[in-house]
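Q: 3D model of this:
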Amino acid sequence: MTEKQLFEQVRFDEVMLDTEYSQCTFHACDFSKTNLQRSSFDTCRFESCDFSLTKFGHVLRDVVFTDCRMTGAEFTELNKFSNGLVFEKSMLNYANFVGIKIHKTVFRDCLLHEAYFDDSDLTASCFDLCDLTRASFHRTNLEKVDFFSSFHFTIDPTQCKLKKTIFPESELRGLVAHLNIIIK
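A: Predicted coordinates:
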């Protein structure tokens, strides 16, 4: 187990990964195309890291990602005990969150173009100032999710659980797009 360490500009395709990291900070590290399915991270921070096409697995608990590139990142193998995730100012285009349970997750000022949340449980999560262009939400539990300041989403209310979900009035078109109607 690795505890309370700072990693700066490390290329993790060239370094042997530990199975557990606790209270560590990773700054400008390259995890691109790395398989993290056997590593768990508890109370860790990732700042300006590259996770393009990275496969996450095991447990992420109280983890903050800030200014990270996460294009095509795969989260589908996260352990059910993963929680307390925060994504800030990160690029999560094409990220895959299909079939996972991540309650109270915070996405703040993120690009989530064509991200996949199908069959997931995002109860009480928050999408703050996020661009959700072509993001996919099919059979997704969005109860108590806050989309108030986000935009460009399309969600079919007949395909998702939406109890007490918060939407901005200006983006209500995204809730009726499946009806193929014209709003002027």
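Q: Flag every buried residue along the helix or strand harbouring Phe56.
A: Phe56 is part of strand 55-58, with elements assigned from DSSP states H and E. Across strand 55-58, burial judged by 16 or more other CB atoms under 10 Å covers 55-58. Using the backbone N, CA and C atoms, a C-beta is placed for each residue, glycine as well.
Q: Tell me the helices and strands packed up against it.
A: strand 35-36, strand 74-78 (3 or more CB pairs under 8 Å, 6 or more residues apart in numbering; DSSP states H and E).
Q: model confidence over it, on average?
A: Mean per-residue pLDDT for strand 55-58: 90.
Q: so after it, what's the next helix or strand?
A: As assigned by DSSP H and E, the chain's next helix or strand after strand 55-58 is strand 60-61.
Q: What strands line up against the strand holding Phe56, and which way round?
A: Partner strands and pairing direction for strand 55-58 (DSSP bridges) are strand 35-36 (parallel), strand 74-78 (parallel).
Q: Buried deepest among these, which one?
A: Mean neighbours per residue, mean count of other CB atoms under 10 Å, is largest over the strands paired with strand 55-58 for strand 74-78, with a mean of 20.
Q: which residue ranges form the strands in the chain?
A: Under the criterion DSSP state E, the chain contains strands at 2-3, 6-8, 20-22, 25-27, 35-36, 40-42, 45-47, 55-58, 60-61, 64-66, 74-78, 86-88, 106-108, 126-128.
Q: Can I get these in CSV including distance to Glu169?
A: Formatted as CSV, the strands of the chain follow (distance: least, CB to CB, whole Å):
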stretch, distance to Glu169
strand 2-3, 47
strand 6-8, 44
strand 20-22, 43
strand 25-27, 39
strand 35-36, 40
strand 40-42, 38
strand 45-47, 35
strand 55-58, 35
strand 60-61, 34
strand 64-66, 30
strand 74-78, 31
strand 86-88, 25
strand 106-108, 21
strand 126-128, 16
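Q: Pro157 is nearest to which of these?
A: Taking CB to CB, strand 126-128 is the member of those nearest to Pro157, at 16.3 Å.
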